[in-house]
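> Build the 3D model from these lines:
(chains A, B, C and D)
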2 protein chains.
Amino acid sequence: MTDDDLIFKALADKTRRFLLDLLFQRDGRTLKELESGLAMTRFGVMKHLKILEDAGLVVTRRSGREKLHFLNAVPIRMIHDRWIDKYREREVEALLALKAELENKEDPS
Amino acid sequence: MTDDDLIFKALADKTRRFLLDLLFQRDGRTLKELESGLAMTRFGVMKHLKILEDAGLVVTRRSGREKLHFLNAVPIRMIHDRWIDKYREREVEALLALKAELENKEDPS
DNA sequence: AGAATAGGTGACTATATGGTCACCTGTCAA
DNA sequence: TTGACAGGTGACCATATAGTCACCTATTCT
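Residues are numbered from 1 along each chain as shown, chains lettered A, B, ... in the order given. Below you'll find the model as predicted:
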């Protein structure tokens, strides 16, 4: 299994993306803490974290009997750079800016 | 299945990523043309293209009996923005620049 | 019109993946 | 030092996914 295979397979699961969201909000959480936010057994969460770690999307540090989890954004950036060059980047940003503006007008919540 | 589920599931397969690579090189290809670059039957390629299209990563235009395929980079950019904020972006770019520099020194091919 | 060409559908099989459980290891604190 | 706590492993089952095939439709060219 190649590196990029590990990364994209890791991102293919909703639970794992949610774990990344949690770590994006705040880094350095333990398994116990991450587990408490999910409707799943500890074992399920542990498997998901292992897959994220093997892919390099999460890096960890041990601290006594705890294991702290951190988000690593480098692979995410590499996905971006694979299919978005400088030319497409201008197009895409213009489209997203337009989209944001329209949504702001339609739904000024 | 939510939008982001469709996108990440679509990206989870190596063949589909290769199809995006081909379209990144050059847009507007037909199924026949894309098929010729892969060791797979037409049906397999067609299924993959349908999944990419359902996810919005590929958009198509019919032209007579041909169907032309184009890469849409907007979902890719949204993945980036989900886990990379301005702060992390600086970190990540610095790391990738350093990495590129080191690889340049080690392997000046 | 009729043959060749480009694309499309539904059913099927083998394999990969998500989730759970019984059971185990290492660390902390009274 | 012993009990509670955080984390870890291997086996297991149900479901999802990749790939193929027989068969079908629409367009083009002579």
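
> Read off the pLDDT value for the residue minimising distance to the centre of chain A.
Nearest to the geometric centre of chain A sits A:L20, at 3.6 Å (CA atoms, centre = their mean). The per-residue pLDDT reported for A:L20 equals 98.

> just the one 5 residues further on next, same as before
Looking at A:Q25, its pLDDT reads 97.

> Next one: the nearest residue to A:I51 once chain neighbours are set aside from B:H69, what distance?
Excluding its sequence neighbours, the residue lying closest to A:I51 (CB to CB, 6 or more residues apart in numbering or on different chains) is A:A10, at 5.0 Å. (Glycine included, C-beta is placed from N, CA and C.) Applying CB to CB, to the nearest Å, the value for A:A10 to B:H69 is 27 Å.

> Same question for A:R90.
For A:R90 relative to B:H69 (CB to CB), the value is 22 Å.

> the more surrounded of those two?
B:H69 (21 against 11; other CB atoms under 10 Å in any protein chain shown).

> quick one: the more buried one is in a strand?
Yes. When classified by DSSP: H, G, I helix; E, B strand; the rest coil, B:H69 is found to be part of a strand.

> all strands of chain A, in order?
A:58-63, A:66-71 (DSSP state E).

> Now do the same contact list for A:L71.
Going by CB atoms under 8 Å, 6 or more residues apart in numbering or on different chains, A:L71 touches A:20, A:23-24, A:27, A:57-58, B:83.

> and the residue nearest to A:I51, how many neighbours?
25.

> cool, and A:G56?
15.

> got a pLDDT number for A:K105?
pLDDT at A:K105 comes out at 80.

> Just give me the neighbour total for A:L57.
25.

> And the one 3 residues further on, by the same measure?
A:T60 sits with 16 neighbouring residues when counted by other CB under 10 Å.

> A:R88: what's its closest spatial neighbour, skipping adjacent residues?
B:A73 (4.8 Å).

> re earlier: out of the strands of chain A, nearest to DNA strand D?
strand A:66-71 (4.4 Å; CB to the nearest atom of the strand).

> That closest one and DNA strand C in contact?
No. Residues of strand A:66-71 are not located near DNA strand C by CB under 7 Å from any atom of the strand, the shortest gap being 7.9 Å.

> between that strand and strand A:58-63, how many degrees?
If you take axes from the mean of the first three to the mean of the last three CA atoms, to 10 degrees, strand A:66-71 sits at 150 degrees to strand A:58-63.

> Just the CA trace of strand A:66-71, in PDB.
What follows is strand A:66-71, C-alpha atoms only, in PDB (Å, rounded to 0.1, in the frame of the first residue of the first chain):
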ATOM      1  CA  GLU A  66      -1.700   8.400  28.100                       C
ATOM      2  CA  LYS A  67      -1.200   8.900  24.400                       C
ATOM      3  CA  LEU A  68      -1.700  12.400  23.000                       C
ATOM      4  CA  HIS A  69      -2.900  12.900  19.400                       C
ATOM      5  CA  PHE A  70      -2.000  15.800  17.100                       C
ATOM      6  CA  LEU A  71      -3.200  16.700  13.600                       C
END
